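J.: Dropping a prediction and its sequence here:
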Amino acid sequence: MAVLEYVDVDRLFVEVTDTVTYQSSNRKRIERLPQIFWKNGGPWREANSWAFERATEETAKPKTIIGNIERLLVYANFLECQQLHWFYFPTRRADRCLVRYRGHLIGLRDSGYMAPSVASSNMRTAIMLYRWVRSNGMLDADYPLWRDKQVYIKYFDAIGFERTLLRITTDLSIPNRKPPGLRLEDGLLPISPADREIVLQHAKQNTSEELYRMLAIGFFSGLRLGSICDLKVQTLKNASPDSKTPDLYLLNIGPGARPRVHTKFGVTGQAWIPKALLEDLLDYSCSLRRSKRQSLAAPEDKDLLFLTRSGKPYCERGSGKSVPVNEEMSRFRKSGANAGIKALKKFHFHQTRCTFATELATIALRSGDALNAIAIVKEALLHVHERTSLGYIKFVEQTPTKSAAANDYMKAFSGSLNHD
């Protein structure tokens, strides 16, 4: 399998005389540049050069470059599994590497193993790489990569006039066809309060103390995994009680908080946390278990609430992804399946946030109108746009209607059976 490595690049001046010498420069150092290596140890030079050029010219944000290379890693693994070269484009269209990759992604999407948006972005990133490779003369311009086609998109500008936008796409692109029905953030659905208690109880008995507390924070505060992994002990100590609810505390998070805590889109705000959970986390921060991990941590990581056994952060800096958590969640799902817990069969960490948000929206709707509920959900979950919060409100409002319809159908269906 191909692997992804991160390297720090010092940009030096090269002077060639009788010998080759390198001189320091004042050019900015590139940190954590993603690079792909094949299973034989050799680099994928074209993909790595694309990442390097974008980083040096600052045509994309570091997070965007990492995301692109991570998606290309999926393509690299596909090529190695199929024993194909990335430049294999024979006359027969069905045998070309990109065409076969497209079919592979569509198969994963249709079988439910890959979200439609992920399949679309994976294919789009591969096409982006080939466009760059061909524009830099690394691939013959006559190679039959794909057929370009023009798409006209109509829209209305801010004044109200209809405009037409011309877009160039390819016959290999995969449309992002979202499934029908209302979907919440990341396309996931919440679990019931009863299932939440079952999941937490199973986590307490079958996972690490760290993952159990992370799940609890997700369920009762709605924080994303990236924010949870970046929580500082001082963040907990700085928590302030809510003026109207004595058993509720507020955590300052975001780039504007001190200390800073990672949030998606760099939103600064206050997250809610129950007093009992806050006290449990403060007790954990002083425990012998965490102290041992803290002693192994780098100076800049010692204030992190959650550290791995080796004293490392659970998430990469500025990232919302956590390999250690993903691995433990995989084992957690398997143990839940073996225990016959249906809620854990396809459980994802982000469902903790969905569950918190829907419970909050339900309570807010009982206490006031929809506009007030939207404002409460937006504030508690640090949403950038009201439409994200509105999705939870609509979901909660539709649930009773669906339940009533299902009950009426079952009554009618049972009656017809009894009549027969």
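T.: Yep, it's here.
J.: Please enumerate the helices of the stretch 151-300 of the chain.
T.: Using DSSP state H, counting those that start in this stretch, the helices of the stretch 151-300 of the chain run over 193-206, 209-221, 225-229, 233-237, 275-285, 288-296.
J.: buried stuff in the second one?
T.: Think helix 209-221. Of all the residues in helix 209-221, those buried under the rule 16 or more other Cβ atoms under 10 Å are 210-221. Where C-beta positions appear, they are placed from N, C-alpha and C, glycine not excepted.
J.: outside of that helix, which residues touch it?
T.: The contact list for helix 209-221, computed with Cβ atoms under 8 Å, 6 or more residues apart in numbering, reads 196, 199-200, 203-204, 223, 225, 228-229, 231, 251, 271-274, 277, 280-281, 284, 289, 306, 314, 325, 328-329, 332, 349-350, 352-353, 355-356.
J.: just the first one next, same as before
T.: Outside helix 193-206, the residues within contact range by Cβ under 8 Å, 6+ apart are 191, 211-212, 215-216, 219, 332, 335-336, 339, 341, 343-344, 347, 355, 359.
J.: Flag the shaky bits of the protein, pLDDT-wise.
T.: Scanning the chain for pLDDT under 70 picks out the ranges 150-153, 155-161, 166-167, 178-187, 318, 400-420.
J.: Could you pull out the strands in it for me?
T.: Taking DSSP state E as the test, the strands found in the chain are 3-9, 13-16, 20-23, 30-37, 148-156, 162-170, 240-241, 248-253, 269-274.
J.: Quick one: these as TSV, columns for mean neighbour count and distance to Ala47 too.
T.: Shown next, in TSV, are the strands of the chain (neighbours: other Cβ atoms under 10 Å; distance: least, Cβ to Cβ, whole Å):
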stretch	mean neighbour count	distance to Ala47
strand 3-9	12	10
strand 13-16	9	23
strand 20-23	9	25
strand 30-37	18	5
strand 148-156	9	22
strand 162-170	10	19
strand 240-241	12	47
strand 248-253	20	35
strand 269-274	20	37
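J.: Could you dump those strands into CSV with distance to Tyr113 added?
T.: Converted to CSV, the strands of the chain look like this (distance: least, Cβ to Cβ, whole Å):
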stretch, distance to Tyr113
strand 3-9, 20
strand 13-16, 46
strand 20-23, 47
strand 30-37, 22
strand 148-156, 28
strand 162-170, 24
strand 240-241, 44
strand 248-253, 33
strand 269-274, 33
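J.: quick one: which of those is nearest Met138?
T.: Closest to Met138 of the strands of the chain, according to Cβ to Cβ: strand 30-37, at 15.5 Å.
J.: I'd like to know which elements that closest one is packed against.
T.: strand 3-9, helix 45-57, helix 62-82 (3 or more Cβ pairs under 8 Å, 6 or more residues apart in numbering; DSSP states H and E).
J.: and Ser117, how many neighbours does it have?
T.: Neighbour count for Ser117, taken as other Cβ atoms under 10 Å: 15.
J.: got the contact list for stretch 9-20?
T.: Under Cβ under 8 Å, 6+ apart, the answer for stretch 9-20 is 21-25, 27-31, 33, 52, 55-56.
J.: Name the nearest of those relative to Leu145.
T.: For those, the closest approach to Leu145 (Cβ to Cβ) belongs to Phe52, at 22.6 Å.
J.: show me what contacts the closest one?
T.: 9, 30, 33.
J.: hmm, try it at 10 Å
T.: Going by Cβ atoms under 10 Å, 6 or more residues apart in numbering, Phe52 touches 7, 9, 11, 30, 33-35, 65.
J.: same check, this time on Gln35
T.: Going by Cβ under 10 Å, 6+ apart, Gln35 touches 3-7, 9, 43-45, 47-49, 51-52, 69.
J.: any idea which of those is closest to His262?
T.: Using Cβ to Cβ, Tyr6 comes nearest to His262 of these, at 17.6 Å.
J.: distance of the closest residue to that closest one other than its chain neighbours from Ala60?
T.: Leaving aside its sequence neighbours, Tyr6 sits nearest to Arg32 (Cβ to Cβ, 6 or more residues apart in numbering; 4.5 Å). Taking Cβ to Cβ, to the nearest Å as the measure, Arg32 falls 14 Å from Ala60.
J.: shared neighbours, those two?
T.: Jointly contacting Arg32 and Ala60 under the rule Cβ under 10 Å, 6+ apart are Ile66.
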